[in-house]
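S.K.: sequence plus the predicted model coming up.
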Amino acid sequence: MKNRLLEAQDFSRRVNGLSDFLLRLESAKTREDVFRILQTESKSLLEFDTQFVALLTPNRSQYAITVLSPTKSSSTPNREVSEVSESRVGRLEIETPIPVEQSEGGAWLDLGLKSMLMVPLRTSEETLGSLSFGSYRANAFGEADLWIAQLLGVHVAMALRTLSMRTGERKRDEHLGSMFRALNELSAILDPDELLTAIPSAVRKHFNYFDVSVFAVRKESNQLVLVGHSGNYAEYLPWGYKLNLGEGIIGWVATRGDKAVVNDVSVDRRYVGPSESRTKSVLAIPLRSGNEVVAVLNIEEPNLNAFDETDTVTFQLFCEQLGNAYRNAMRHQEIRETAERLTELDKLKSEFVGIVSHDFRSPLSSIMLAARGLLKFEELTENKQLKEYVNIIIEQANRLNRLAEDTLSVTELESGQLSYSFKIINVERLVQDALALVKFSSKHKLTYHIDPNVAYVKGDQNKLRQVVTNLISNAVKYSPQGGNVTVDVQEYSAGEVLFSVKDEGVGIPDEQKDKLFRKFSRVSQKEVKDIRGAGLGLWISKEIVNAHGGRIWCESEVGKGSTFRFTVKKAVG
Ligand code: ADP
């Protein structure tokens, strides 16, 4: 009777101790806190000589032992990792105290233990491992001990699970943050090769892994080449190091196009590492551009079970984004190369056109000179028919000459080679020369007026003549019904002279005026659809006038006519 009373008193003391233990457990912040509380508090709840926890690893094929109260034999290692099937500890079904002799593990006997009490660490969702107590005494544990140990097991399991969920969430947040920072840096790289090379150091900088490398797939040789590396194996694996497709974990990932998460390389046949390798875990993810694997990101860690679900998910997402960045970089490279090729072609074309149009002009000048010479022969001028033919030759040669001049100006302007020779120019000569180059039909009546105050301007004679010729020939061309064409030169402001060429032609709609002076730009208007042109004359004129420090513009009204005006500097003195 007395004994039972004592037992009851002892039991209620232990139950009280248990509630203290639970309170403490709630304050645990880390798994190590939980173990420390177990270590210090369970002594008052159970009588034992040794205590340890076996926790399943993330891939659930192994468990790691943490000894909380060591046996007399100091050889019991902490964090020993064993296969789940190796002994009873791994089975996690033990619920009754078992005498050591009956247990399968001879290991307990070796440690001198005679009784073992093992309970699962299990929550309603999952089994995390087991909690074990050992004693050097035979029959050391009774039913009350089992009950207490089971309660301990349930609460420790719940505490561990809550902590691991919290740690998991924190890790996910941190990983996402690091991933975005790394991506931000990498997606600014517009060269695909440079991008692959830069990945490992960005990953190491933001995630701090032991060793990170990127192998690019070379389909032509069925190989993988190390193109980026940052970490502890940099000296063993030189850049350009090659693997065959299918070789090692990296080769496997490249051929399968699937990730590889290996948390113990010693049991993975695919792993091939240098003999100096300290790697225990590998995470390798394919990097795709569209459907094609273009590279493999390979991360190595020196501890077992280094990679969990969070790492895998993060790096899959990371590689997906990098795949997009790679594709963009490829496109950018293609566009850049095409643009370079086009620029080169354009340059060649300009050179060719330049040479041709330049060489055109010498024979044309000879033709014009010879034709003008012919007009001096009286016998010829008396023959109306012959005179007309010679005039046609002169006009057409003039046209061709203007065309060659415009084409040459375009190529020179585009290549920045148009050079100017500024001199004092006689305005009247300039206007007359320009008029001589344009053919007027009998429907047009030409007048010109030059203010005697502006007899001289400063500029390039040939270039300014080209501008005036362009404007006059446009005035004639775009007034097919005929009418007056007037050239007027007068003072504009103190140091400037204003040239105006006025016609009574088709005019230009307001909304089209903007594009007049752009290269290859023509007005779309039914009245001019049959008039041929390249849309270059006004662009060239604007460039020339700008180079003279002047301005060119147009005033026009549809159906009434247009006036094109430009300014140049007056010659001083
Ligand atoms: P092109 O005459 O060879 O087409 P320009 O650069 O000289 O090229 O002229 C650009 C466009 O401006 C012409 O296509 C024409 O539509 C318009 N334009 C130029 N001058 C006149 C004008 N005097 N009257 C009406 N439209 C004009």
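M.R.: Structure's in. What do you need?

S.K.: so which residues on the protein come close to the ligand?
M.R.: Contact residues (CB under 6 Å from any ligand atom) of the chain with the ligand: 470, 474-475, 478, 503, 505-506, 508, 516, 522-523, 528, 533-539, 562. For glycine as for every other residue, the C-beta is placed from the backbone atoms N, C-alpha and C.

S.K.: so Phe566 touches Val467, yeah?
M.R.: Yes: counting by CB atoms under 8 Å, a contact exists between Phe566 and Val467, whose distance comes to 6.6 Å.

S.K.: now list whatever residues contact both of those two.
M.R.: Among the neighbours of Phe566, those also in contact with Val467 (CB atoms under 8 Å, 6 or more residues apart in numbering) are 499, 541, 545, 552.

S.K.: hmm, who's touching stretch 315-327?
M.R.: The list of residues contacting stretch 315-327 from outside it, by CB under 8 Å, 6+ apart, reads 179, 182-183, 186-187, 189, 192, 195-196, 199, 259, 283, 285-290, 294-295, 297, 299.

S.K.: for the stretch 301-450 of the chain, which residue gets nearest to the ligand?
M.R.: Asp406 (8.3 Å; CB to the nearest ligand atom).

S.K.: quick one on the thing from earlier: compare Phe566 and Val467 and say which one has the larger neighbour count.
M.R.: Of the pair Phe566 and Val467, Val467 is the one with more neighbours under other CB atoms under 10 Å, namely 29 against 25.

S.K.: that one should be in a strand, yeah?
M.R.: No: the assignment for Val467 by DSSP: H, G, I helix; E, B strand; the rest coil gives helix, which leaves it out of any strand.

S.K.: excluding its backbone neighbours, what's nearest it?
M.R.: Closest residue to Val467 apart from its sequence neighbours, by CB to CB, 6 or more residues apart in numbering: Ser541 at 4.5 Å.

S.K.: distance between the helix or strand hosting that neighbour and the chain's centre?
M.R.: Taking DSSP states H and E as the criterion, Ser541 maps to helix 537-547. On the basis of CA atoms, centre = their mean, to the nearest Å, the separation between the geometric centre of helix 537-547 and that of its chain is 40 Å.

S.K.: which other helices and strands contact it?
M.R.: Packed against helix 537-547 by the contact rule (3 or more CB pairs under 8 Å, 6 or more residues apart in numbering; DSSP states H and E) you find helix 384-414, helix 461-477, strand 552-557, strand 561-569.

S.K.: where among these is average confidence lowest?
M.R.: Set side by side, the helices and strands packed on helix 537-547 show their lowest mean pLDDT on helix 384-414, which sits at a mean of 84.

S.K.: list the buried ones in it?
M.R.: 390, 393-394, 397-398, 400-402, 404-414 (16 or more other CB atoms under 10 Å).

S.K.: now do stretch 254-269
M.R.: Judged by neighbour count (16+ other CB under 10 Å), stretch 254-269 contains these buried residues: 254-255, 259-265.

S.K.: would you list those in CSV and tack on pLDDT and secondary structure?
M.R.: Formatted as CSV, those follow (pLDDT from 0 to 100; DSSP: H, G, I helix; E, B strand; the rest coil):
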residue, pLDDT, secondary structure
Ala254, 96, helix
Thr255, 95, helix
Lys259, 95, coil
Ala260, 96, strand
Val261, 95, strand
Val262, 94, strand
Asn263, 91, coil
Asp264, 89, coil
Val265, 91, helix
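
S.K.: which one of those residues is nearest to the ligand?
M.R.: In terms of CB to the nearest ligand atom, no member of the buried residues of stretch 254-269 lies closer to the ligand than Ala254, at 58.2 Å.
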